[in-house]
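*Asks:* my questions are about this predicted structure, shown below with the sequence.
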Amino acid sequence: MEAARDSAMEEAAARVAALRTALAARGPVRMVETHLSWVLLDAQHAYKLKKPLRLPFVDFSTLAARRAACAEELRLNRRLAPALYLAVLEVRGGAAGAVFGGDGPLLDVALQMRRFPDGALWSERLAAGTLAPAHIDALAQRLADFHRDAAPAPLGSGHGTPAAIGRVTRRLIEAVDAWPAHSVAASDWPALRGWLETQTAALAPRFEARRAAGRVREGHGDLHLANLLQLGDEATAFDGIEFDPALRWIDVMNDIAFVVMDLLAHGAPPFAWRFLDATLAAGGDHDGLPLLRYYLVGRALVRAQVAGIAEAQGRPAAAGLASADYLALAARLARGAEARLAITHGLPGSGKSHLAQRLLEAAGAVRLRSDVERKRMAGLGALASSRAQGDIYDAAGTARTYARLLELARVALEAGWPVIVDAAFLRRAERARFAALARALGVPFTILDCRAPLGLLRERVRQRQARGSDASEADVAVLERLAGLAEPLDAAEQAASIGIDADTATGDVARRWRGG
């Protein structure tokens, strides 16, 4: 049996070599090898051929299986990258060996794609220092739209059930269990293995609730950095999972967890937390936060398994990260961070949202923004005008907004995440309710007191209104009105506060908030 597998791989490798030679008649051809495929790159196109492998998680050992997988890959990836995915081509025997098309015997199939520019991959951009915050925000919006429009799993399909999730996790555990002893000797694998088993059982009711709520959808399934693309201003993804429906019909939080995890793995925590923040702002899926840590750990183990296969095949691990690196990250993610609650305090233009953005990136926190959630409850996008909706900023609308923020803060804190609530909190009663939540949950509570002279606030508000690129709709008239209503921090609140002005360093605020 093993000899037959080796023979099939040798024949497939020879076909790929012949195809490369045929393509080279028109110009240079580069080959990229992954653990599952070969990809031939000429000046305009990419041709992807699947290896005739049979692994615990995939079976490409027959031509029929490879043809079906190519057709499915074409269908799935046209959802996010329609301009890239072109056709399934037949590979046939020719006079000088394998060629694309022709009348010779059918040997294999290949997926034809339009080639994207070198340096477009997010893995390449991150390494080159050219991945930018705007790219992060664009991908978050792209994926939020994609997940909103993706088909939800039929309730009778079995996708996203506790049993289905348990099977995937058990396969990951078994894969690491099969590693040589020296590969896990210095790791926290026994503790992590126990954590996975415990969490898989404990989270079962949440898995079921998410499935019932329609949050299990036909997603991408493999959103690591080498599958993310920047094409000009457009951020998108390619190479989604086609070979196992259970790996793409997943909770949407599981899909985005891959992006967060891989940014963390590649030394970019600010981008990781920015992406999570932008995704939550775009999609509003805060109910998925109790599952996020579990999914982050699972995604790290997926990449550990992929790196382990590459190592076993004698190839370098992607982007220089070894299987042990991902295993160590999984252990750190499972340990988590200390939940804590911060609320901002200040008038429009005092820098609350700017501070919250910088702090969530520096400290790794979930941000809840009043302007975004207020508009979401009114059925509006973050940048949409509320003028046609009546006064969503009246007393009743404000009360509903703070109640919603309190509800979301509880969800995130109980899931173990540090939380920043980005709102004005000008009234003492509003602040008191969040302080009481922190006491009830036994987490530290901090007020981020943002200050600036009134003249500067007026100028900032005017500039923000002129740009039209922020969720806040406060103008100078609103600023003047709120300035007369604001209730200053009392002595107890001042003791729990960090005073912040334009000269305050974010790193200092992050250290003080964490108690460092």
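*Replies:* That came through fine.
*Asks:* which residues of the stretch 251-400 of the chain score low on pLDDT?
*Replies:* Flagging of the stretch 251-400 of the chain using pLDDT under 70 yields the residue ranges 316-319, 383, 386-391.
*Asks:* next one: the chain
*Replies:* Ranges of the chain meeting pLDDT under 70: 1-4, 185-186, 316-319, 383, 386-391, 471, 473, 516.
*Asks:* please repeat the previous calculation with a cut-off of 50.
*Replies:* The chain contains no residues with pLDDT under 50.
*Asks:* name the residue most distant from the centre of it?
*Replies:* Distance to the chain centre peaks in the chain at Ala95, reaching 47.8 Å (criterion: Cα atoms, centre = their mean).
*Asks:* now that one: how far from Arg340?
*Replies:* With distances taken as Cβ to Cβ, to the nearest Å, Ala95 is found 71 Å from Arg340. Where C-beta positions appear, they are placed from N, C-alpha and C, glycine not excepted.
*Asks:* contact partners of stretch 204-215?
*Replies:* 152-153, 155, 159-162, 165, 216, 251-253, 285, 287-288, 290-291 (Cβ atoms under 8 Å, 6 or more residues apart in numbering).
*Asks:* among those residues, which are in helices?
*Replies:* In helices, defined here by DSSP state H, the members of these are Pro162, Ile165, Val252, Met253, Pro290, Leu291.
*Asks:* and which of these is nearest Gly468?
*Replies:* Nearest to Gly468 out of the ones in helices among the contacts of stretch 204-215 is Val252 (Cβ to Cβ; 29.5 Å).
*Asks:* report the contact partners of the closest one.
*Replies:* Counting by Cβ under 8 Å, 6+ apart, Val252 makes contact with His147, Ala150, Arg215, Val216, Arg217, Gly219, Gly283, Asp285, Gly288.
*Asks:* number of residues surrounding the residue nearest to it when sequence neighbours are not counted?
*Replies:* In this structure, Val252 finds its nearest non-sequential neighbour in His147, 4.3 Å apart by Cβ to Cβ, 6 or more residues apart in numbering. Neighbour count for His147, taken as other Cβ atoms under 10 Å: 22.
*Asks:* go on, the one 4 residues further on?
*Replies:* For Ala151, the count of nearby residues is 10 (other Cβ under 10 Å).
*Asks:* adjust the sequence numbering to begin at 8 for everything that follows.
*Replies:* All set: I'll call the first residue 8, so the last point we hit is now Ala158.
*Asks:* for it, which non-adjacent residue is closest in space?
*Replies:* Leaving aside its sequence neighbours, Ala158 sits nearest to Glu225 (Cβ to Cβ, 6+ apart; 5.0 Å).
*Asks:* check Glu437 too.
*Replies:* Tyr409 (5.4 Å).
*Asks:* that older thread, so the residue nearest to Ala158 is in contact with Pro161, correct?
*Replies:* No - between Glu225 and Pro161 there is no contact under Cβ atoms under 8 Å: 10.6 Å.
*Asks:* which of the two has more residues huddled nearby?
*Replies:* Between Glu225 and Pro161, Glu225 has the larger neighbour count (other Cβ under 10 Å), namely 18 against 10.
*Asks:* residues contacting that one?
*Replies:* Contacts of Glu225 by Cβ under 8 Å, 6+ apart are Leu83, Ala157, Ala158, Ala160, Arg255, Trp256.
*Asks:* do the same with Ala94
*Replies:* Counting by Cβ under 8 Å, 6+ apart, Ala94 touches Leu81, Leu118, Gln119.
*Asks:* I'd say the last one and Val95 touch.
*Replies:* Meaning Gln119. Yes - using Cβ under 8 Å, Gln119 is in contact with Val95, at 7.3 Å.
*Asks:* which of the contacts of Ala94 has the most neighbours?
*Replies:* Within the contacts of Ala94, Leu118 tops the neighbour count with 25 neighbours, counted by other Cβ under 10 Å.
*Asks:* just the element for it, please.
*Replies:* Leu118 belongs to strand 113-121 when assigned by DSSP states H and E.
*Asks:* counting contacts, what elements does that strand pack onto?
*Replies:* Judged by 3 or more Cβ pairs under 8 Å, 6 or more residues apart in numbering; DSSP states H and E, the packing partners of strand 113-121 are helix 9-30, strand 52-57, helix 70-84, strand 92-101, strand 104-107.
*Asks:* between the ones you listed, which gets nearest to Asp332?
*Replies:* strand 52-57 (26.7 Å).
*Asks:* what's downstream of that closest one, the next helix or strand?
*Replies:* Strand 52-57 is succeeded, C-terminally, by strand 61-62 (DSSP H and E).
*Asks:* contact partners of that next one?
*Replies:* With Cβ under 8 Å, 6+ apart as the criterion, strand 61-62 contacts Arg12, Phe67, Ser68, Ile316.
*Asks:* what is the subsequent helix or strand relative to that strand?
*Replies:* The C-terminal neighbour of strand 61-62 among helices and strands, as given by DSSP H and E, is strand 65-66.
*Asks:* neighbouring strands for that next one, and are they parallel or not?
*Replies:* Counting by DSSP bridges, the strands paired with strand 65-66 are strand 61-62 (antiparallel).
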